[in-house]
Structures are given as C-alpha cells and as structure tokens.
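Participant: could you work out the structure for the sequence below:
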Amino acid sequence: MKLSTPIFFTLVLLGSAGGAYSNPPYSGTVWVDLDIITAADPSAFIQIVSIGSGPRVMFDRRADNGNGDWVTINARLFQASYTDGNAIEIQVNPEFEPSEAAIKARFYGYAIGQLPKLLRLDVETVWIHRGNKPFGGRNDNILIHTDALGYHGSALEETLFHEACHTSLDSRLYGAAWSNAQTLDGEYISTYAKDNPAREDIAESCALYYAVRFKPERLSEIDLNLITKTIKNRMLVFDSLGMEPVTDSDRPLKSTPSVAISGSSRTISDTDNAAGESISFTANATDTDGTIVTTQWLIDGVEVATGSSATLSLPNGLTVVTFKATDDDGISSTTTATITVTAPAYEPTEEWPSPYNGITPDSSFGLAFNNIGVFSASDSIIYVCLRIFTDGLPSSVNGVSQFDMRLKVASLSEATVQITKFREFNSNGALNEDAQTPDCSGIFETTTGVYTDIIQTNTSVLETTWNLIEPANLILKLDSFKELAAN
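Facilitator: Below you'll find the model as predicted:
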C-alpha cells in the first residue's frame, strides 16, 4: 500500500511546525492509556482449530543465554480464523501441554482479533513461548512470551497493537512521506520513538492515533490535545491508510454446542424383578468456537447428574432424560432421550389377581385420579388402594405409605366390610394400560379412622366415606356415598 501523492503534498503545504515540547511527552506509549482497546471490546475472532504439530523456525528471546535466537522446534499448531477473512497460524512451544497450548492459542487469537484488520494484514504467524521476555513484531509475525511482566493484563491489547503496527505498517509507511511528517511535526510522541526514529516511531504513534480518531472518549482531555498537537502530520499519514476499528458487526455469530446422547431413545426391559432400573448414559458435546464449560443431566428440569456420563435410577414407564451443555460464551444446547422401562412380569394369584388394586376410570368423569377402587362381582371383593395420612399429612405404617386392600362384605344390612388382606401398593411398579404410573385414590386418616375413596361398582362410580368401627377386626362401616355423574 503506497501513500498517494495528494497526501505527500498536503504534508508539505502544512509547512514546518516547531515542536511544542523540548522533550517528548511520553517515555513509551503502550502505557499512556490502558483502555484504548479493552478485553470487553468486540473481536473478529471466530475460532481456533488444532492442525497437529510440525517443525517450525521461531524466534525465542530466551535462547542464546537470554540474548535471543532462532530455534527450530516441533510446535503445537493452531489455525485462527477471523470474520474479515485472514487466517493466522499460531505456533505454540511444546513446553505447553496440549490443553494449555489450545487455551493460550485461543486467548491470544481472540485478543489479536480485536485489532483493526489493517494491523493484521501481514500477520501470518504468532509465536508463543513461556518466559519473562518482551513481545515482538515484524517477520509477518507477532512474538509472545506469556510471562512477560508489564505486557499482560490491561496492557495486553495495547502491546499487541504496538507489535502489529511493526508487522503490518512499518513496511508500508517508512519512507519519504513519513520522514516529511516527522520533520513537519518537529517532535516525537515518546522518548522511545525519538531514540529509535526509523524503527519505533510508527508503532509508538499508531495506537495513540487510533485512540484520538476512534476512541477519544477513552483519553483524558490533556492527552487528547497533547497527542493531536505532537503528531498532527503523522496522523494525516495514518488517515490515508483507511484504518477502521473492529465493531459489533464484525463479531462472529456464536455457534451453539453440538450435543448427542449415545443410544438415544430406547426401551429397557426389567432385569431384577423390581420396580425401576439403573441405566447408564453417555453423551458428547463439542463447541466449534470455544470450549464446553458445563454438562448436566436433567429430568423434569431438575439436575440429577453432571459430566458426560451418568448412571440414573429411572422408574417404570416413560422418562424423558435431558442432556445439557453450556459453552464458554454462556450458550447452551440440549438433547433428549425418551427411556421406557418395562415393569416386571406379574404372576396373578387368587388373592391378588392384578399387580395393583384398582381400575382406570372413564375420562368422562373428570377425576383427579387415573386409578380408583373397584368392586369385583366375580368374588364379591372390593379391591381398593389407600394412602396413609396422619393429622392431614402424608404418613406411613412401617415405612409403607400406600396399601392395596381387599374389602369383603361383612354385613349388607349394616353396610360394613372387613379388611381381609393388604399389601404394599404396586410394589413392582406396574403401569396402567396407558403406560402411566397408577394413582391411589383412597385416603385413610389414622387420627380419626375415616377412610374416603372413589369406587366403581358395575356401571356406577361412587364417592364414599367409611368409618373404622372395629379396629381389632378391621371392620369399616359405610357412612355416606354419592354417585358421580359423567360430564
């Protein structure tokens, strides 16, 4: 990119300008204002992709007893991509373990993506080493030492800006027009630039030019006026390059994590002749523009396990298991697997012909229960189930909270029945004909001896209330009943 003739003559017509200061206003410009670019500013960075390892010639300032030298190492390699098209190979010293190397590559790749595209035009590679040594620019490269004091934290973006100016602007700007601008300004922005006018003046001036043109609100009024007066002709040279900041429109569209559950939906047969099954799950989650931070297993929105694998105890019937992954951008994805656990096979007996007492009522009654008591004309037994309550709260007897009961008619004239048999309700977790877990419609209140239930007799459905009149013989007397009407 060559400077146009009009810019050159504009500088000449401005005439000579004596410096306003006997000494440069700053010693070095990286630390003048540490929020010219901040970590919260947008980045054109999309992602890094590992491309394996390979021999690379890299400069390492620790080599040659700290004097710096070229070294050939089998670097860990990553390709960083950006929304404005240019890709950068990030070469990481193998002194970093693979996972740490990927983290470093992504961290610096993102920060470099915050620099104007102009400053990344000639950045083809990035070298990353350990060590407390200065960063560097040129050679179509940016050199980073991860332990460099003073170049990280709030100063990281400004340091990278400085080095990228070396890499992409030195070859474009040093020449007649820049020399003329130096002469017309009659001063240098920093002592570092003045001491190295043919090597550091562009990089020292560049970030402060960017701050004046694009982030003036981040400069103090004193610094804003000082910079403008000191390098006003150099700023015209920078203007000719068409530098533009990275904006929100340059941010990549964030990708959502990709998630999958191995085995997906399935039916699980009974293995132990008991209700429910213990089932192992495995899932995977990947994120193309970052890393997965958390993984969760959920049932009905409640976390039941974490990690990529889990063993869950599921009841008989249908359960929807959800796997959720969240990436480092806070974006989540979910996938589900519908697991159907079949109940153990039931062998009917004369006393207990079904795995649980009750019958599914007709939906036209609009009942709150999917299972109610039933009178069996074949053996004149009322098969009911009831829940134990004490003082109006759910309770239990010997650890059992729901019971199946066989009620045999004791006296038709006195409307009494006797509990002849009982067992735990639905102990093997059987499902009804709609593959639902059956309810228990009856309630027995231990403090009053009152039993209420809904019972189907032939074609009628009755809402009944009973009193325990002989606890020793388990005799219940019908107190009231009401026939329910279908809707």
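Participant: how many residues are close by residue 209?
Facilitator: Using other Cβ atoms under 10 Å, residue 209 has 24 neighbouring residues. Every residue, glycine included, has its C-beta placed from N, CA and C.
Participant: okay, now the domains of this protein?
Facilitator: Taking automatic domain parsing as the reference, the chain has its domains at 5-248, 258-341, 363-483.
Participant: next one: the strand ranked longest in the chain to chain centre, how far?
Facilitator: Secondary structure of the chain read by DSSP state E shows that its longest strand is strand 45-60. Remark: strand 45-60 is offset 26 Å from the chain centroid, using Cα atoms, centre = their mean, to the nearest Å.
Participant: I'd like to know which elements the helix or strand just after it is packed against.
Facilitator: For strand 45-60, the succeeding helix or strand toward the C-terminus, using DSSP states H and E, is helix 63-66. Helix 63-66 sits against strand 69-82, with contacts defined as 3 or more Cβ pairs under 8 Å, 6 or more residues apart in numbering; DSSP states H and E.
Participant: repeat that with 6 Å
Facilitator: Here helix 63-66 touches no other helix or strand, going by 3 or more Cβ pairs under 6 Å, 6 or more residues apart in numbering; DSSP states H and E.
Participant: pull the distance from it to the chain's centre.
Facilitator: Helix 63-66 has its C-alpha centroid displaced from the chain centroid by 43 Å (Cα atoms, centre = their mean).
Participant: got a list of what residue 248 touches?
Facilitator: Neighbour list for residue 248: residue 42 [criterion: Cβ atoms under 6 Å, 6 or more residues apart in numbering].
Participant: check the burial of residue 191 by counting its neighbours.
Facilitator: Applying other Cβ under 10 Å, we find 16 residues neighbouring residue 191.
Participant: so it sits right up against residue 24, yeah?
Facilitator: Yes. Counting by Cβ atoms under 6 Å, residue 191 does reach residue 24; the two are 5.1 Å apart.
Participant: ok, residue 279 - contacts?
Facilitator: 268, 312, 314.
Participant: I meant to write residue 429 there.
Facilitator: 275, 276, 316, 343.
Participant: and the closest residue to residue 364 other than its chain neighbours, what element?
Facilitator: In space, and not counting its chain neighbours, residue 364 is closest to residue 486: 3.9 Å by Cβ to Cβ, 6 or more residues apart in numbering. Using DSSP H and E, residue 486 sits within no helix or strand.
Participant: neighbours of residue 486, how many?
Facilitator: Residue neighbour count, defined by other Cβ under 10 Å, stands at 10 for residue 486.
Participant: next one: residue 450
Facilitator: Residues near residue 450, counting by other Cβ under 10 Å: 16.
Participant: just the one 10 residues further on next, same as before
Facilitator: Other residues within reach of residue 460, judged by other Cβ under 10 Å, total 11.
Participant: in contact with it, which residues?
Facilitator: By Cβ under 6 Å, 6+ apart, the contact list for residue 460 reads residue 483.
Participant: roughly how far apart are it and residue 361?
Facilitator: Remark: distance between residue 460 and residue 361 (Cβ to Cβ, to the nearest Å) = 12 Å.
Participant: secondary structure element for the residue nearest to the spatial centre of the chain?
Facilitator: With distances taken as Cα atoms, centre = their mean, the residue of the chain nearest its centroid is residue 326 (1.8 Å). Per DSSP H and E: residue 326 is located in strand 317-327.
Participant: return that strand as CSV; C-alpha atoms alone will do.
Facilitator: Extracted C-alpha coordinates of strand 317-327, given in CSV (Å, rounded to 0.1, in the frame of the first residue of the first chain):
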residue,chain,number,x,y,z
GLY,A,317,-42.7,-46.2,32.4
LEU,A,318,-41.6,-43.3,30.2
THR,A,319,-39.0,-40.8,31.4
VAL,A,320,-37.5,-38.0,29.3
VAL,A,321,-33.8,-37.6,30.1
THR,A,322,-32.2,-34.3,29.0
PHE,A,323,-28.5,-33.7,28.4
LYS,A,324,-27.5,-30.0,28.5
ALA,A,325,-24.1,-28.5,27.6
THR,A,326,-23.1,-24.9,28.1
ASP,A,327,-20.0,-23.3,26.4
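Participant: okay, residue 425: pLDDT?
Facilitator: You'll see residue 425 listed with a pLDDT of 95.
Participant: my guess is it contacts residue 400. True?
Facilitator: No. Using Cβ under 6 Å, residue 425 is not in contact with residue 400, being 8.2 Å away.
Participant: more neighbours, those two?
Facilitator: Neighbour tally, residue 425 and residue 400, criterion other Cβ under 10 Å: the higher count belongs to residue 425, 24 against 13.
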